[in-house]
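*Asks:* This is a predicted model, with the sequence first.
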Amino acid sequence: MSREAANITSFLALEKFRAQLIEYHELVKAALSEADSHVDRIHVWLQTEQLSRWETQVRKRQEEVAICKSALFRKENTPAVDGSKPSVVDEKKLLKKANRRLEEAQHRVTAVKYWMNQLVREKISYK
């Protein structure tokens, strides 16, 4: 690597360059600060709003699954008036739907946790 000396012929040009460099430094510093703040806001949003929202949804949907299982069990074990076996098609459909909703909420919790961790790793890499 060759090193050549700068051929500066004007002290004023050097002062102007220095002033522009300082201005640029302040702009970059402000932009990085804003980006850092934005990352922090996203992390707080994920941690406080999204994670708690989906964990609450998991609990609610677990209750929904339990209710559907209970309804299915009751229907299966309660004979019809004429002695025939009652149809449980509707109860099974509701249970299947409740299980899908529960799986979706569990998937969302996993995704939020993944992105929280990913955001922390990226922030460390960024710093």
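*Replies:* Ah, there it is. Residues are numbered from 1 along each chain as shown.

*Asks:* This structure: helices as residue ranges?
*Replies:* 11-44, 51-77, 89-126 (DSSP state H).

*Asks:* buried set for the shortest one?
*Replies:* Read that as helix 51-77. L51, W54, E55, Q57, V58, R61, E64, V65, C68, L72, K75 (16 or more other Cβ atoms under 10 Å). In short, each C-beta sits where N, CA and C put it, glycine included.

*Asks:* Tell me what angle it forms with helix 89-126.
*Replies:* Between helix 51-77 and helix 89-126, the angle comes out at 160 degrees (axes from the mean of the first three to the mean of the last three Cα atoms, to 10 degrees).

*Asks:* In a markdown table: the helices of the chain, plus distance to G83 and mean pLDDT.
*Replies:* Converted to a markdown table, those look like this (distance: least, Cβ to Cβ, whole Å; pLDDT from 0 to 100):
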| stretch | distance to G83 | mean pLDDT |
| --- | --- | --- |
| helix 11-44 | 61 | 91 |
| helix 51-77 | 14 | 95 |
| helix 89-126 | 19 | 94 |
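
*Asks:* Kind regards, and thank you for your time.
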